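[1] sequence? don't have it. structure:
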């Protein structure tokens, strides 16, 4: 476990609840104009003027969402932030503040909590988000992280899941399946480590996919890019549970169908080679692997010239009338119904 | 355990994550004008026009903050809401929305989660707050509830902890110590039950204090009352960790001292009689017992005529220069320094 590597171990109880929050957040700077009052009162005070506010919340639970045997606490703090910020960007909004709730058992020393907060702080700096509230408490067993992210958006810029129209283009950012394959590599190395603790894993051929699992990024850049390109998607969602599941969400909420082309799905060469190594189908991984934190959107056909050739955006299909259903067209031109087999925290238990 | 009393037991996994949130929140109505889009997208969308926004977050952990052997799940859901709403009212703001994160182990059937949500829904109706977001996931052991509450307030109405001035009056709402004494009764009955499960506890003499523990209320009414009275407190905080601890917070953040009169502290007769029964000092309980969710505020002396005689507001002392320190003046006119011995989730473990 990561906490055993720490040289110094200060019991969390030494600081008490108030001392602890002060200690963990003292380096945190406020950078957003909308943050009027940050940590230190009964509540934070924010002022968004005429802008609308988006808010989203996520819980991450040890042994369910993460495994500390290969996830360093600093990375975990960073990733927990990313998972939430991604939801804000999926509304075409700018993330501005977060509140953090952490329940931690006393097997963790203060230094472990500092590592976790270091990851949170790094993400807050890189993404320009203020940490304005927190609650840190003890847990009887594992580690639980709850993050609520807040963002701001001009009223006319909000993009919902429900605005897709037939003939809109289906567009995805980045590439898919890498985070899932990175997890497969880490789990394999964990098993190897159990058998032979002296074995040093060679992760060199898997750098990209392991990084996508351990240190994912949220697509803040896409919100800016779309603004610069003067493209407002008709619908948008972030890809946290696999492409297939997210397409189905857009279709259901927009009351449309969709056609997805297998040969258009963007895959990194490392995903393809690792899938070959594991003897699994890379399309299945792209469709059902989670935690990519890319954005899936639909855009009007008339906006196509604006995005054409942009390396960040790939057209992977188009929307249809609802009664045409949701299908994948394979490389061999077979028509396969899309189903959601995405990672599901509840079913997996 | 409360879940064992349920006649029907539907495994949570039957619904899956999305089905579960839909199922639990389908009755929830949106009543706030500021709620533009509630549950069902990557994030909720809110519009506060020219108002400022307050946001606060809390984590409640089983075996740390609550014990399901005497806390019914419906009450727990209600109380979790109250704890957060109270922080919003302490900013002199109107609570408008909450997001809910719940991690639950599979020892709980769906019916238990429905009970918990029923309590959340009841509070949301009574306090007029929209549940706009949620995340429900599995936990490897106990139950964890994370609530983030959002409120709105006119820019000039926000009250911080930091505005108290020397000579301001120290004012408290309601009465103190009841929730803590209610807990003592419930813990005593739990021990009796362990020895003799057929024993039916007679809680009749303790109705008020047990209710203050199991079904506390937040002082939404006080925010309205202060507005009606045209009184803007110079500082305010909610009393969740005991009067003493909260006075110290106000003093530190306002850089003032305080004098508190023991004989002015409002106590319910049931608190006094139960303290006598347990042979403990009722002032100690009022100073250090937690979970009252009353409001502690300071007001300018010139506002005194406006609050004089109001049954909801009791003047219990006044603020001094910082160098005069923080003291309790006892009934025998002894001067005792105030110290925080309030309930502390981290130290107690």
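    Looks like it came in fine. Please read all numbers here as calculations on a predicted model, not as lab measurements.

[2] what helix or strand is the residue lying closest to residue A:123 once chain neighbours are set aside located in?
    Once flanking residues are discounted, residue A:123 sits nearest to residue A:81: 3.6 Å by Cβ to Cβ, 6 or more residues apart in numbering or on different chains. Using the backbone N, CA and C atoms, a C-beta is placed for each residue, glycine as well. Taking DSSP states H and E as the criterion, the element that holds residue A:81 is helix A:73-89.

[3] list the buried residues in that helix.
    Neighbour-count burial for helix A:73-89 flags A:73-89 (criterion: 16 or more other Cβ atoms under 10 Å in any protein chain shown).

[4] quick one: stretch A:171-189 near chain B?
    No: judged by Cβ under 8 Å from any Cβ of the partner chain, stretch A:171-189 and chain B are separated, with a smallest distance of 14.3 Å.

[5] about what we covered before: following element in sequence after the helix holding residue A:81, please.
    Elements were assigned by DSSP H and E; along the chain past helix A:73-89, the next helix or strand is strand A:94-104.

[6] which element follows that next one toward the C-terminus?
    Sequence order places helix A:110-126 as the next helix or strand after strand A:94-104, per DSSP H and E.

[7] which strands and helices lie in contact with the helix or strand that that following helix is followed by?
    Using DSSP H and E, the helix or strand that directly follows helix A:110-126 along the chain is strand A:130-138. Contacting strand A:130-138 under the criterion 3 or more Cβ pairs under 8 Å, 6 or more residues apart in numbering or on different chains; DSSP states H and E are the following elements: helix A:16-25, strand A:35-37, strand A:44-46, strand A:94-104, helix A:110-126, strand B:52-61.

[8] need those in a markdown table with mean neighbour count, mean pLDDT and distance to residue B:170, can you?
    Below are these laid out as a markdown table (neighbours: other Cβ atoms under 10 Å in any protein chain shown; pLDDT from 0 to 100; distance: least, Cβ to Cβ, whole Å):
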| stretch | mean neighbour count | mean pLDDT | distance to residue B:170 |
| --- | --- | --- | --- |
| helix A:16-25 | 18 | 74 | 21 |
| strand A:35-37 | 19 | 94 | 22 |
| strand A:44-46 | 24 | 94 | 23 |
| strand A:94-104 | 27 | 95 | 29 |
| helix A:110-126 | 21 | 94 | 35 |
| strand B:52-61 | 26 | 95 | 23 |
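
[9] quick one: closest of those to residue B:317.
    helix A:16-25 (22.2 Å; Cβ to Cβ).

[10] just checking, what packs against the closest one?
    Secondary elements touching helix A:16-25 (3+ Cβ pairs under 8 Å, 6+ apart): helix A:110-126, strand A:130-138.

[11] output those as a markdown table; include the columns distance to residue B:51.
    Shown next, in a markdown table, are these (distance: least, Cβ to Cβ, whole Å):
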| stretch | distance to residue B:51 |
| --- | --- |
| helix A:110-126 | 25 |
| strand A:130-138 | 17 |
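
[12] what's the closest of these to residue B:225?
    strand A:130-138 (26.6 Å).

[13] is the next helix or strand after the closest one anywhere near chain B?
    The first helix or strand that comes after strand A:130-138 along the chain, using DSSP H and E, is strand A:144-153. Yes: judged by Cβ under 8 Å from any Cβ, strand A:144-153 and chain B are in contact via A:144, A:146, A:148-151, A:153.

[14] between these, which has the most around it?
    Ranked by the number of neighbours (other Cβ atoms under 10 Å in any protein chain shown), the residues of strand A:144-153 next to chain B place residue A:150 first, at 32 neighbours.

[15] residue A:39 is in contact with residue A:28, correct?
    Yes: applying Cβ atoms under 8 Å as the test, residue A:28 and residue A:39 come out as touching, 7.4 Å apart.

[16] what do those two both touch?
    Where contact means Cβ atoms under 8 Å, 6 or more residues apart in numbering or on different chains, the residues bridging residue A:28 and residue A:39 through contact with each are residue A:131.

[17] returning to that earlier point: does the residue nearest to residue A:123 really touch residue A:117, like I thought?
    No: Residue A:81 lies out of contact with residue A:117 (Cβ under 8 Å); the separation is 10.8 Å.

[18] get me the contact residues on the stretch 151-300 of chain A for chain B.
    By the rule Cβ under 8 Å from any Cβ, the part of the stretch 151-300 of chain A lying against chain B is A:151, A:153, A:155, A:158, A:160-162, A:236-238, A:253.

[19] now the least confident helix or strand in chain A by mean pLDDT: how far from the chain's centre is it?
    The helix or strand of chain A with the lowest confidence, counting by mean pLDDT, DSSP states H and E, is helix A:16-25 at a mean of 74. The chain centre lies 27 Å from the centre of helix A:16-25; the measure is Cα atoms, centre = their mean, to the nearest Å.

[20] tell me the angle of that helix relative to strand A:130-138?
    Comparing the axes of helix A:16-25 and strand A:130-138 via axes from the mean of the first three to the mean of the last three Cα atoms, to 10 degrees yields an angle of 140 degrees.

[21] between helix A:16-25 and helix A:110-126, how many degrees?
    If you take the same axes, to 10 degrees, helix A:16-25 sits at 50 degrees to helix A:110-126.

[22] hang on, the earlier thing: can you put the helices and strands packed on strand A:130-138 in CSV and add distance to residue B:329?
    Written out in CSV, the entries for these read as follows (distance: least, Cβ to Cβ, whole Å):
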stretch, distance to residue B:329
helix A:16-25, 26
strand A:35-37, 33
strand A:44-46, 34
strand A:94-104, 39
helix A:110-126, 38
strand B:52-61, 33
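
[23] hang on, the earlier thing: out of the helices and strands packed on helix A:16-25, nearest to residue B:47?
    For these, proximity to residue B:47 was assessed by Cβ to Cβ; strand A:130-138 is nearest, at 19.6 Å.

[24] so where's the stretch 51-200 of chain A shaky on pLDDT?
    Counting by pLDDT under 70, the stretch 51-200 of chain A shows no low-confidence range.

[25] so residue A:274 touches residue A:206, yeah?
    Yes: the pair formed by residue A:274 and residue A:206 meets the contact definition of Cβ under 8 Å, at 6.5 Å.

[26] which neighbours do the two share?
    In contact with both residue A:274 and residue A:206: A:181, A:185, using Cβ under 8 Å, 6+ apart.

[27] pull out the buried positions in stretch A:322-342.
    By 16+ other Cβ under 10 Å, the buried positions in stretch A:322-342 come out as A:326-329, A:338, A:340, A:342.

[28] which ones among those residues lie within strands?
    Secondary structure defined by DSSP state E assigns A:326-329 of the buried residues of stretch A:322-342 to strands.
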